[in-house]
Each structure stands twice: as C-alpha cells, then as structure tokens.
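>>> Let me see the structure of the following:
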Amino acid sequence: MKNTITLLGSTGSIGRQTLDVCRQLEIPVAALAAHHSVDLLEKQIREFHPTLAVLYDIDAAMELARRVSDLPVRVAYGMEGLIEAASLSESGTVVAAMVGMVGLQPTLAAIRQGKRIALANKETLVCAGELVMAEARRSGAEIVPVDSEHSAIFQCLQGCRDRGEVRRLILTCSGGPFYGLSREEVYGKTREEALRHPNWAMGAKITIDCATLMNKGLEFIEAMRLFHVPPEQVSVVIHRQSIIHSMVEFRDGAVLAQMGTPDMRLPIRYALTYPARAQSPAEPLDLLTCPPLTFAPPDTEAFPSLKLAMDCARTGGTSCAILNGANEAAVGLFLEGKIAFGKIPELVALALDRIPVQLNPGLEDILEADRAARKIVCDSRTAG
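Model prediction:
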C-alpha cells in the first residue's frame with residue numbers, strides 16, 4: 001500500500017486526482033513531472049516532497065528551480081528529465097498520465113526498468129502498442145490500466161482462467177455532448193459546447209476527443225493491445241449514464257460488467273493498490289437512485305473519428321501513430337478557434353490518406369509518422 005510512485009503529468013486532471021488518492025492512502029511520491037505549470041507544480045512539491053521535479057518546458061523549469069531553491073528537490077527539464085523521473089530506482093510504480101505523444105518515451109523507459117505502470121496515457125499503446133507490450137514482456141513490467149474502461153475490463157478478467165474463453169470486450173461510451181445529432185448539426189459546434197461533457201470532468205483535449213468519439217476509437221486500439229485481442233473481438237456501445245464502465249462477454253454467453261460512479265479516483269486507486277482494494281472515502285453507487293441504464297450503437301456517420309480509428313486498428317503499423325498525431329494537432333487548432341469542430345476528422349482523414357503506412361515499425365518510425373501527421377494538419381490549416 002505504501003509503494004512509492006513517480007507521477008508523470010501531475011498537474012493535469014488525472015495527475016491531480018492521483019495526488020488525491022496518494023493523500024488519502026499516504027502513498028509517498030518520489031518524482032513529479034508536468035509540461036509547464038509552474039505554480040501548481042510548486043504547490044505539489046511543497047506538499048508531497050519529491051526528490052525530483054521535472055517540467056518539459058526549459059524556461060518553466062528554470063523558474064520552478066528558482067522558486068523551490070529552499071527545498072531539497074532537484075529540478076530537471078525536457079525529455080531527458082521525464083525519462084530520468086520515469087527511471088528512478090526508488091519508485092516502484094510510475095503513473096503515466098501525461099497527455100499526448102510526449103508520454104511515450106518516458107513510459108517506455110519505466111517499462112524497461114521493470115516497474116509497474118499505472119497507465120493513463122493512451123498514446124503509449126495507441127501509437128506503439130506492439131513495441132510497448134513486447135518490451136513489457138521482456139522486462140516483466142506490469143501494466144495496470146487507469147482509463148475507466150480498460151480498468152473495468154481488467155477487473156472483469158480477474159479470475160479468467162483462459163483468455164480463450166473471452167468472446168468479446170465491450171467498451172461503453174457516453175456519446176459525449178452531441179449524442180443524437182447529425183454530422184451537419186455537429187459540424188459548427190463551438191469550443192464551449194464541445195467541452196460540456198455530460199458525465200465526466202476531464203482535461204480539454206480528452207473532452208474534445210469524447211465529443212468527436214475519437215477517444216473511444218483510441219480506447220478501441222488500446223484495448224486490442226492491452227488485452228491481446230483482434231479488432232473483431234472489441235466492440236463499442238453507447239451507454240449515456242456512464243454507470244457501467246465496460247463489459248466482458250464470455251463464450252458461454254455470460255457477460256460481466258464493472259459498475260460504479262463516474263469518478264476517476266476509483267480506477268486510479270485500484271491501479272495503485274492492485275491486487276488489493278483500498279478503502280475509498282467516495283460515495284458508492286446507489287442502485288436504488290441511479291437512472292435506468294440504456295444502450296445504443298454508435299453513429300459513425302455523424303462521428304467519423306470513431307470509424308477512422310477502428311479502421312487504423314485493423315491496418316496496424318504506423319497508421320495509429322498517424323491517426324493520433326493528426327488528431328492531436330487538429331484538436332489543438334480547434335481549441336485555439338482556428339478550425340471548425342467538424343474539420344477535426346477531415347484533417348485526420350487527410351493525414352491518413354497522404355502518409356504511407358509502415359508495418360512492423362520501430363520507435364523512430366512511429367515518432368516520424370507522428371511528426372509527419374502533425375505537419376500535414378498544420379500545413380493544411382496554413383494553406384486553407
């Protein structure tokens with residue numbers, strides 16, 4: 001229960017909630033890392049007393065070092081700093097909660113050290129799933145998912161004697177704020193409208209991904225990699241209430257579901273304490289007051305991002321890195337008010353059409369596919 005952690009992405013939504021769990025369970029923190037949030041990281045350092053703090057942005061790191069010069073903490077920066085934090089010998093668990101491709105190399109470094117990975121960074125498995133899982137098998141690293149959907153599947157599979165007994169993994173999806181609308185109705189939705197998720201409080205990027213259903217597409221790919229199943233054994237169902245977090249259907253027709261309130265601290269706590277279950281201060285799910293549970297198929301015509309991701313899952317190779325890089329760049333443009341909401345999947349499709357896919361890629365191939373996808377999206381915006 002007192003396993004020391006390194007937290008990559010400490011100032012984001014998952015990072016802050018992870019620290020809530022650490023605070024409640026008195027879990028020591030050896031290292032904290034973030035992108036550029038000096039003020040919040042300074043507060044976290046003063047409370048949790050890590051030996052190492054990292055900011056990816058060098059100017060922000062220099063400012064942080066000045067502010068915490070009165071404390072016994074070393075400040076590092078850049079990718080080298082993130083990799084050092086992920087590799088610290090005193091950390092048994094690395095919580096990979098950085099958003100985007102920046103989290104890939106530090107997570108790989110932690111895997112190569114044989115650590116437990118509490119994985120919240122989708123891009124690690126989406127873009128480099130085969131490489132990452134192969135490294136985990138070699139090093140003996142344990143990957144425990146933090147995403148609520150994958151945590152649900154992970155929990156449902158406990159006690160499964162033979163993975164051959166699994167017929168299907170069923171990912172649930174809230175449908176986002178625009179559920180039931182046509183593609184034409186969705187196309188011009190604003191930033192403020194897209195950020196109004198009906199059930200979850202999350203960071204801006206993942207909330208936009210939920211609105212386009214790209215988030216569920218990324219989770220589709222992630223589930224394949226994490227649980228070693230082909231795309232034919234993964235499906236998506238719209239479940240507006242976010243009470244059932246995902247399900248596993250077995251070959252005898254039995255379906256196991258993991259239920260709970262939509263609170264990310266639940267899967268975070270489980271990832272940090274697995275195989276134990278720690279006491280939680282949160283209110284448990286009340287079956288007598290929760291709403292009726294409904295299910296529906298996703299509309300991939302209104303939300304083409306989901307179909308793009310499912311197609312890439314079947315293609316494999318660098319297609320998933322192209323998909324993810326283009327989507328990150330397009331979502332960034334949307335959040336800056338530079339493109340319409342409906343333009344996001346169009347730019348992703350453009351990158352997938354223009355960039356050749358390499359099968360069996362190495363790490364540099366994956367990073368290059370990511371760079372090429374971002375460039376096409378940004379160049380298309382400049383040209384148009």
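>>> Can you say which helix or strand has the residue of the chain most remote from its centre in it?
Note on the chain: the largest C-alpha distance from the chain mean falls to D70, namely 34.6 Å (C-alpha atoms, centre = their mean). D70 belongs to no helix or strand when elements are defined using DSSP states H and E.
>>> Who are the contact partners of P177?
By C-beta atoms under 8 Å, 6 or more residues apart in numbering, the contact set of P177 is E193, A194, R196, H197, P198, A211. For the C-beta atoms, the positions are set from N, CA and C on the backbone; glycine is no exception.
>>> what about the second one, how many residues close to it?
So that's A194. 24 (other C-beta atoms under 10 Å).
>>> With the fourth one instead?
The criterion is other C-beta under 10 Å. On that basis, H197 has 18 neighbouring residues.
>>> Secondary structure class of it, three-state.
coil (DSSP: H, G, I helix; E, B strand; the rest coil).
>>> Quick check: phi and psi at it.
For H197, the backbone dihedrals (degrees, to the nearest 10) come out as phi -70, psi 140.
>>> same check, this time on the third one
For R196, the backbone dihedrals are phi -90, psi 80 (criterion: degrees, to the nearest 10).
>>> ok, the residue nearest to it when sequence neighbours are not counted to E123 distance?
If the residues on either side of it in the chain are set aside, R196 comes closest to P177, at 4.9 Å by C-beta to C-beta, 6 or more residues apart in numbering. Computed as C-beta to C-beta, to the nearest Å, the P177 to E123 distance reads 23 Å.
>>> and if you look at P267?
Taking C-beta to C-beta as the measure, P267 falls 18 Å from E123.
>>> These two: who's more crowded?
P267 (27 against 24).
>>> I'd like the distance between that one and C156.
Counting by C-beta to C-beta, the gap from P267 to C156 is 13 Å.
>>> Then E328?
Taken as C-beta to C-beta, the span from E328 to C156 is 30 Å.
>>> same check, this time on P145
12 Å.
>>> For the two, indicate the residue with more neighbours.
With neighbours defined as other C-beta under 10 Å, P145 and C156 compare such that P145 has more, 26 against 22.
>>> Now that one, what are its backbone angles?
The phi/psi pair for P145 (degrees, to the nearest 10) is phi -70, psi 150.
>>> My guess is V186 contacts F178. True?
Yes - V186 is within contact range of F178, at 4.9 Å (criterion: C-beta atoms under 8 Å).
>>> how about C127, what does it touch?
Per C-beta under 8 Å, 6+ apart, neighbours of C127: M101, L104, C320, A321, N324, G325, I366, A369, D370.
>>> can you tell me which of these lies nearest to I170?
Using C-beta to C-beta, C320 comes nearest to I170 of the contacts of C127, at 21.0 Å.
>>> Run a quick neighbour tally on that closest one.
Around C320 there are 30 residues (other C-beta under 10 Å).
>>> so how far is V357 from it?
9 Å.
>>> Over to M224?
17 Å.
>>> repeat for M214
19 Å.
>>> Quick check on the two: which one has the bigger neighbour count.
M214 (28 against 16).
>>> Name the nearest residue to the more buried one, sequence neighbours excluded.
Using C-beta to C-beta, 6+ apart, the closest residue to M214 is S305 (3.9 Å).
>>> contacting residues around that neighbour?
Going by C-beta under 8 Å, 6+ apart, S305 touches D209, T212, L213, M214, G217, N327, I344, P345, V348.
>>> Where does K216 sit: helix, strand or coil?
helix.
>>> Can you pull the phi/psi pair for the residue lying closest to it once chain neighbours are set aside?
Computed as C-beta to C-beta, 6+ apart, the closest residue to K216 that is not its neighbour in sequence is C173, at 4.5 Å. Dihedral angles of C173 (phi, psi; degrees, to the nearest 10) stand at phi -140, psi 130.
>>> So what's the residue count around C173?
Neighbours of C173 (other C-beta under 10 Å): 25.
>>> what about the stretch 151-300 of the chain, any weak spots by pLDDT?
Scanning the stretch 151-300 of the chain for pLDDT under 70 picks out 200-201.
>>> redo that, cut-off 90
Low-confidence segments of the stretch 151-300 of the chain (pLDDT under 90): 159-163, 196-206, 262, 279-283.
>>> Would you state the helices of it in chain order?
For the stretch 151-300 of the chain, the helices defined by DSSP state H, counting those that start in this stretch occupy 183-187, 191-194, 204-212, 214-227, 265-273.
>>> buried residues in the helix or strand where E47 lies?
Secondary structure assignment for E47, by DSSP H and E: helix 38-48. By neighbour count with 16 or more other C-beta atoms under 10 Å, helix 38-48 contains the buried residues V38, L41, E42, Q44, I45, F48.
>>> Go through those and name the one nearest L108.
L41 (23.2 Å).
>>> residues contacting the closest one?
S10, T11, L32, A34, A53, L55, L64.
>>> Counting neighbours, what do you get for the second one?
In other words, T11. Residues near T11, counting by other C-beta under 10 Å: 23.
>>> That one reaches E42, doesn't it?
No - judged on C-beta under 8 Å, T11 makes no contact with E42 at a distance of 10.2 Å.
>>> Return the residues in contact with Q158.
Q158 neighbours (C-beta under 8 Å, 6+ apart): P275.
>>> What values do phi and psi take at it?
phi -60, psi 130.
>>> repeat for the one 3 residues further on
Reported as degrees, to the nearest 10, the phi and psi values for R161 are phi -70, psi -30.
>>> for this structure, which helix is longest?
helix 363-383 (DSSP state H).
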